[in-house]
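> got a predicted model here, sequence first, then my questions.
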Amino acid sequence: MKTGTPFVATLFALASFPLLAQQPPPASQMPPSSQATSPEAPAIELSPVKGELVSKLDSKTAKAGDSVVVQTKSAVKTADGTEIPKGSKVVGHVMGVHPSEEGKNAQVALQFDHVELKGGQNMPIHSQIQSIAPAGGATSATSEPPMSSPSTPNTSGATGSSNRTNSMPQPSAAGNTGAPAGSPAPGTVVAKNGNIAISTTSVPGVLLANNAPGQQDPRMAQTSSILLGDAQDIELAQGTEMVLGVAGGGGAQ
């Protein structure tokens with residue numbers, strides 16, 4: 001969160017975020033296995049892996065379809081036994097982007113869908129961004145517990161948005177260690193939009209939107225996570241640290 005921003009005013013702004021996300025096709029156009037998907041679908045365990053952005057990401061210049069690559073800084077073995085060695089590339093792309101205009105909120109929707117292993121093999125994954133920190137930050141993959149996310153078929157969809165907020169912001173009781181005075185600690189859920197939870201990161205003014213634990217918002221069917229700029233553009237430098245929760249198979253059943 002930005003230093004000096006009144007917490008109550010910030011929460012009010014977050015509650016009105018019109019989230020940019022991928023809308024799934026009508027149920028009549030989806031395969032039977034996709035139609036059966038619901039918030040109660042069996043969850044899959046995501047294992048955290050720490051990595052760094054290979055190149056910068058800027059909401060002012062990013063375009064839908066742009067490649068986004070995170071190179072892993074540690075090895076990980078996922079819950080299903082998939083091994084991702086250190087130095088592998090987690091590859092994704094921009095699903096949609098809204099730059100900040102006249103101080104409005106910026107958004108970048110990302111999907112990380114496969115890993116490029118050192119031997120050249122491509123491996124599909126299901127993923128979610130768990131945390132973001134400036135280059136050289138202290139975020140550690142070992143400090144992030146494994147997450148669970150509902151299994152979501154890889155269906156096609158078109159970029160869309162929603163202006164409906166179904167609940168008031170839910171500030172967490174977590175401490176403020178390492179955060180500016182009056183702001184919640186990184187990782188604190190500060191608002192909800194449908195089944196999407198909005199949380200803080202270690203990058204000032206940049207927030208992270210994911211499916212709330214145990215939930216599946218249809219707008220996230222083709223999106224790993226959505227980055228939000230609190231009344232500013234999103235500028236992540238090369239080397240920005242990310243912890244990604246990953247599972248083998250891209251979540252497809």
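Done, it's in. Numbers count the residues shown, from 1 in each chain.

> which stretches of the stretch 1-150 of the chain form helices?
Counting by DSSP state H, counting those that start in this stretch, the stretch 1-150 of the chain has helices at residues 7-15, 32-35.

> excluding chain neighbours, what is closest to residue 115?
Of all residues not flanking residue 115 in the chain, residue 123 sits nearest, at 4.8 Å (Cβ to Cβ, 6 or more residues apart in numbering). Every C-beta, even on glycine, is put in place using the N, C-alpha and C of the backbone.

> OK, contacts around that neighbour?
Applying Cβ atoms under 8 Å, 6 or more residues apart in numbering to residue 123 gives the contacts 82, 84, 114-115, 117, 248.

> thinking again about what came up before, by mean pLDDT, show me the worst of the helices of the stretch 1-150 of the chain.
Among the helices of the stretch 1-150 of the chain, helix 32-35 carries the lowest mean pLDDT, at a mean of 36.

> surely residue 82 touches residue 247?
Yes - with contact defined as Cβ atoms under 8 Å, residue 82 and residue 247 form a contacting pair (7.5 Å).

> more neighbours: which of those two?
Legend: neighbour count by other Cβ atoms under 10 Å for residue 82 and residue 247, higher for residue 247 (23 against 17).

> what about that one, distance to residue 224?
Computed as Cβ to Cβ, to the nearest Å, the residue 247 to residue 224 distance reads 12 Å.

> identify the contacts common to the two.
If you check residue 247 and residue 224 against Cβ under 8 Å, 6+ apart, the residues they both contact are residue 127.

> which residue is the nearest non-sequential neighbour of residue 211?
Of all residues not flanking residue 211 in the chain, residue 220 sits nearest, at 5.2 Å (Cβ to Cβ, 6+ apart).
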